[in-house]
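> I need the structure of the sequence given here:
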Amino acid sequence: MMGGAAFRLSRVPDNDGVFFETCTPLPKTDGYRHNAFIGGLTIGETKMARKKQDSKIEVLRSVPLFSGCTNKELQEISKITKEVEFPEGKQICKQGQTGLGLHVITDGETKVVINGRTRRRLGRGAFFGEMALLDNGPRTADVIAESPVSTLSLSAWDFKEVIENHPTIAVKVLQEMSSRLREADSSLSS
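Residues are numbered from 1 along each chain as shown. Have a look, this model is predicted:
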């Protein structure tokens with residue numbers, strides 16, 4: 001609110017399809033002023049949404065696959081992520097089943113099981129399923145929640161739409177995958 005008055009902030013397209021913000025005063029009704037709104041949200045709710053999106057961007061930035069992406073590119077990717085909760089004991093991924101996307105653990109701990117043997121544990125900041133973003137191939141391991149687990153998840157079909165609209169993201173992801181493949185090849189050669 002500005003100077004005691006309440007305003008509605010709106011995003012309106014111009015003739016070129018570029019959005020700009022307008023600010024119009026809200027009428028005073030029955031002695032009460034309304035909260036200011038941005039796209040249907042109060043300013044407080046909008047600030048919380050921005051903070052949440054900033055948090056998602058920081059989580060994505062920690063994933064090596066997206067390390068070459070700019071803030072704007074990470075912002076585009078963050079728009080299609082979903083926060084997903086898994087209870088303790090839940091099988092998040094099943095070895096051999098088609099992979100549907102990437103999960104970044106934001107809270108909790110999982111175990112990775114390959115052919116019935118626990119190979120490692122993954123916690124906050126770890127991720128799995130990055131290959132599924134590109135090829136929808138079968139999962140190479142079971143991933144099981146050892147405690148309640150929260151993830152930031154990104155589906156392959158949503159990601160493909162983003163890279164179709166933002167090809168620079170695709171190039172950067174492919175460069176990172178190529179780099180990782182070279183490292184794996186090098187370690188096998190030595």
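> Every contact and neighbour count from this point should use C-alpha atoms.
Will do.
> I'd like the distance between the nearest residue to Thr110 once chain neighbours are set aside and Leu133.
Using CA to CA, 6 or more residues apart in numbering and skipping the chain neighbours, the partner closest in space to Thr110 is Ala145 (4.3 Å). In this structure, Ala145 and Leu133 are 21 Å apart, going by CA to CA, to the nearest Å.
> Just give the closest residue to Leu102, not the sequence neighbours.
Using CA to CA, 6+ apart, the nearest residue to Leu102 is Gly129, at 4.3 Å.
> Ok, Arg120 next?
Nearest one to Arg120, counting by CA to CA, 6+ apart, is Val112 at 5.4 Å.
> my guess is the one you found contacts Ala145, does it?
No - if you go by CA atoms under 8 Å, Val112 and Ala145 don't touch, sitting 9.2 Å apart.
> could you say what helices and strands the helix or strand Ser187 falls within packs with?
In this structure, Ser187 sits in helix 167-189 according to DSSP states H and E. Contacts defined by 3 or more CA pairs under 8 Å, 6 or more residues apart in numbering; DSSP states H and E place helix 167-189 against helix 156-165.
> Can I get the helix it packs on in CSV? Just the C-alpha atoms.
This file holds the C-alpha atoms of helix 156-165, laid out as CSV (Å, rounded to 0.1, in the frame of the first residue of the first chain):
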residue,chain,number,x,y,z
ALA,A,156,10.8,-35.2,-18.6
TRP,A,157,7.8,-34.0,-20.7
ASP,A,158,7.7,-30.5,-19.0
PHE,A,159,11.5,-30.2,-19.4
LYS,A,160,11.3,-31.1,-23.1
GLU,A,161,8.8,-28.3,-23.6
VAL,A,162,11.2,-25.8,-21.9
ILE,A,163,14.2,-26.8,-24.0
GLU,A,164,12.1,-26.6,-27.2
ASN,A,165,11.3,-23.0,-26.2
